[in-house]
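Undergrad: Everything below, folded, please.
(chains A, B and C)
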Amino acid sequence: MNTVIWWIRRDLRLIDNAALKAADPQGRLVLPVFVLDPVLLDKEAPRRKAFLIEGLRRLADDLRHCGSRLIVRSGSPLDELTRLVQETGASAIYTEEDYSPYARRRDETAARHLPLRLVAGLTFHHPLSVVKQGGTPYTVFTPFSKAWKALSPPAAVDELPPHFFQPPPPDLTSVNLPPTEGSVKEFPAGGEEASRRLERFFRSSVGKYHLQRDRLDLDGTSQLSPYLHFGMLSIRRVIWRVQQIIQGTPNPQVKKGAETWLNELIWREFYHSILYHFPFVQKEAFRSDLRRFPWRDSALDLEAWKYGRTGYPVVDAAMRQLLATGWMHNRGRMIAASFLVKDLLINWQEGERWFMQQLVDGDLAANNGGWQWTAGVGTDAAPYFRIFNPILQGMKFDPEGDYIRRWVPELAPLPLPYVHEPWRLTADLQQRYGCRLGVTYPYPIVDHAAARERALAAYQSARNSA
DNA sequence: TGAAATGTTGGGGCG
DNA sequence: ACGCCCCAACATTTC
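TA: Numbering: from 1, shown residues only, chains lettered A, B, ... in the order given. Okay, the predicted model is just below:
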């Protein structure tokens, strides 16, 4: 019987998996293989590693139920796959194409030595198919999204996993998955959980998404990003479903919410496309005129930001949510990022690195794109003078202060105006609420009004000297 | 996917 | 009744 390998990387699912389908488990002996690559895993953030390993366990269970077995190997993918092809006589290796720079180098090398078949699936539309006349890529979101929407969608989705696999030969060795040190309790891994969340989001939140998505104190977002990052959920299936809602709903509110959410998914597609076409953004700013910039070098301020001790409640709440859960509300990401870059004037790449170390959904394309956007150095970036006021952002998107109280417990007793501006507490009030400024909660590490002027001046001079 | 500064308007208090 | 001023509310411009 013809034997092929399904090389699993960021597509940890059986439902609607294009690479798996191309491997054809109904017609051939498909060997599901995951290679623990030390180049990737040794520097992977602990939380993402735990999420990945747990996801592999779930996938192994799912495969067992389909009569198969997950083969896990450890080492360089090229070596391990070469060995597997020799051991099994596999005629082809099917795998989902990954657009990140390391993955592309790895796969190019593998393709020179092995019968590698790359199958699209990481994004709904391949970055090469959303391009301008003449084939040049878009660098501005709105025209990108227009072109994206004008494309005809890929083939229909498989809503069920393949029922039956040929079992791999029993003597084929597989290493144990490493033990996971502390799972991510807010995000149980696996396709089943991902599907449950998708259905819950469609049932209860998508219709209000446009109204609630920016509210830090509400659960208005889908929280699907970790699952999409590792392909525990098919982006194709997700987008199919949301398009069905947009076209099928008689309710204009639901339609609006679904359209707004789809737009966010298109941002994901956009940043994957940017990374694909401009891989250098991993290392430097997209805009060459802002690559040399007078960033401040303050280890102390950076630490205060990382651990939620800036003295600005909404920033600290967001940073502590990240530290505690591995996830941060999107509005929080923008506020915290703006604060690091504009108020502290610290290099956006420091923030990018910290987010990647902490986020369970950390994704090179999306995280890098978001940071470059905030810093105003990327494609279609926020203008340099767009500086978030952390107090106003807090009052607007956490109107009752509940998000702050949840993540910054020392501010929990404070009533409304003070929870956003604790530095305004008089000595008497500090006494009453058990909040001692400079002791239980820090004074602001910068004055926002002054920091704003400083940032404007720095960006002005960088523009002038470029 | 901002915010602050500046400009404009119009209602009301008041001499 | 009238004109003047104040200022809130809104609009526009600027960073």
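Undergrad: who's in contact with the spatially closest residue to A:Trp240 that is not a sequence neighbour?
TA: With sequence-adjacent residues excluded and distances taken as CB to CB, 6 or more residues apart in numbering, A:Trp240 is closest to A:Val157, at 5.0 Å. Placement of C-beta: from N, CA and C, glycine included. A:Val157 makes contacts with A:Asp16, A:Ser234, A:Arg236, A:Arg237, A:Trp240, as judged by CB atoms under 8 Å, 6 or more residues apart in numbering.
Undergrad: mind checking which helix or strand A:Val157 is in?
TA: Using DSSP states H and E, A:Val157 is not contained in any helix or strand.
Undergrad: among the contacts of A:Val157, which ones are buried?
TA: A:Asp16, A:Ser234, A:Arg236, A:Arg237, A:Trp240 (16 or more other CB atoms under 10 Å).
Undergrad: The third one: helix or strand, and which one exactly?
TA: I take that to be A:Arg236. Counting by DSSP H and E, A:Arg236 is found in helix A:235-248.
Undergrad: helix or strand right after that helix?
TA: With secondary structure assigned by DSSP H and E, helix A:235-248 is succeeded by helix A:252-277.
Undergrad: Looks to me like A:Trp6 is in a strand.
TA: Yes - counting by DSSP: H, G, I helix; E, B strand; the rest coil, one finds A:Trp6 located in a strand.
Undergrad: And for it, the neighbour number?
TA: For A:Trp6, the neighbour count with other CB atoms under 10 Å is 30.
Undergrad: And A:Ala111, by the same measure?
TA: A:Ala111 - counted by other CB under 10 Å - has 13 other residues nearby.
Undergrad: Next up, the contacts around it.
TA: A:Leu118.
Undergrad: Quick check: it vs A:Leu359, distance?
TA: Distance of A:Ala111 to A:Leu359, given as CB to CB, to the nearest Å: 31 Å.
Undergrad: circling back to that earlier point, the contacts of A:Val157 also near DNA strand B: which ones?
TA: Among those, no residue sits close to DNA strand B (CB under 7 Å from any atom of the strand).
Undergrad: ok, and the closest non-adjacent residue to whichever residue of the stretch 251-400 of chain A sits closest to DNA strand C?
TA: With CB to the nearest atom of the strand as the measure, A:Phe385 is the residue of the stretch 251-400 of chain A nearest to DNA strand C, at 3.8 Å. Nearest non-adjacent residue to A:Phe385, counting by CB to CB, 6+ apart: A:Leu456, 6.2 Å away.
Undergrad: Check A:Met232 too.
TA: Nearest non-adjacent residue to A:Met232 (CB to CB, 6+ apart): A:Ala194, at 4.4 Å.
Undergrad: Double-check the one you found against A:Leu233; I have them as touching.
TA: Yes - between A:Ala194 and A:Leu233 there is a contact under CB atoms under 8 Å: 4.0 Å.
Undergrad: where do the contact lists of the two overlap?
TA: Between them, A:Ala194 and A:Leu233 share the contacting residues A:Arg13, A:Leu224, A:Tyr227, judged by CB under 8 Å, 6+ apart.
Undergrad: nearest to A:Ala466, of those?
TA: Nearest to A:Ala466 out of those is A:Leu224 (CB to CB; 38.9 Å).
Undergrad: Tell me who's in contact with that closest one.
TA: Contact analysis of A:Leu224 by CB under 8 Å, 6+ apart lists A:Ala194, A:Arg197, A:Leu198, A:Phe201, A:Leu233, A:Val238.
Undergrad: top of those residues by neighbour count?
TA: Neighbour-wise, these (other CB under 10 Å) top out at A:Ala194, 28 neighbours.
Undergrad: secondary structure element for that residue?
TA: Assessed by DSSP H and E, A:Ala194 sits inside helix A:191-204.
Undergrad: what's the angle from that helix to helix A:235-248?
TA: Relative orientation of helix A:191-204 and helix A:235-248, computed by axes from the mean of the first three to the mean of the last three CA atoms, to 10 degrees: 20 degrees.
Undergrad: what's downstream of helix A:191-204, the next helix or strand?
TA: Later in the chain than helix A:191-204, the nearest helix or strand by DSSP H and E is helix A:209-212.
Undergrad: and the residue in the stretch 51-200 of chain A that DNA strand B sits nearest to, how many neighbours does it have?
TA: Closest contact between the stretch 51-200 of chain A and DNA strand B, by CB to the nearest atom of the strand, is at A:Phe141 (6.2 Å). A total of 19 residues lie near A:Phe141 under the criterion other CB under 10 Å.
Undergrad: now swap in A:Arg291 and tell me
TA: Residues lying near A:Arg291 (other CB under 10 Å) number 12.
Undergrad: Over to A:Ala18?
TA: A:Ala18 has 21 neighbouring residues, counting by other CB under 10 Å.
Undergrad: same check, this time on A:Asn263
TA: For A:Asn263, using other CB under 10 Å, the count is 14.
Undergrad: so where's the longest strand in chain A?
TA: strand A:29-36 (DSSP state E).
Undergrad: Tell me the buried residues in the next helix or strand after that strand?
TA: Sequence order places helix A:38-41 as the next helix or strand after strand A:29-36, per DSSP H and E. Residues of helix A:38-41 classed as buried by neighbour count (16+ other CB under 10 Å): A:Leu40.
Undergrad: Outside of helix A:38-41 itself, list whatever touches it.
TA: So helix A:38-41 is contacted by A:Lys49, A:Ser74, A:Gly75, A:Ser76, A:Tyr102 (CB under 8 Å, 6+ apart).
Undergrad: Filter those down to the buried ones.
TA: Of those, these count as buried by 16+ other CB under 10 Å: A:Lys49, A:Ser74, A:Ser76.
Undergrad: Which of those residues lies at the shortest distance from A:Ala299?
TA: A:Lys49 (26.5 Å).
Undergrad: And the pLDDT for the nearest residue to that closest one once chain neighbours are set aside?
TA: The shortest distance from A:Lys49 to any non-neighbouring residue, by CB to CB, 6+ apart, is to A:Leu41 (6.3 Å). Per-residue confidence (pLDDT) for A:Leu41: 95.
Undergrad: and what of A:Gly182?
TA: So A:Gly182 comes in at 67 (pLDDT).
Undergrad: ok, now A:Ser461?
TA: 89.
Undergrad: What of A:Arg309?
TA: Reading off the model, A:Arg309 has pLDDT 98.
Undergrad: hang on, isn't it packed against A:Asp316?
TA: Yes - between A:Arg309 and A:Asp316 there is a contact at 6.5 Å, judged by CB under 8 Å.
Undergrad: Neighbour count: these two, which is higher?
TA: Neighbours were counted for A:Arg309 and for A:Asp316 using other CB under 10 Å; A:Asp316 has more, 26 against 18.
Undergrad: The more buried one and A:Gly308 touch, don't they?
TA: Yes - between A:Asp316 and A:Gly308 there is a contact at 3.9 Å, judged by CB under 8 Å.
Undergrad: overlap in contacts of those two?
TA: Counting by CB under 8 Å, 6+ apart, the residues touching both A:Asp316 and A:Gly308 are A:Trp407, A:Val408.
Undergrad: Can you name the residues of the stretch 51-200 of chain A sitting close to DNA strand B?
TA: A:Phe141.
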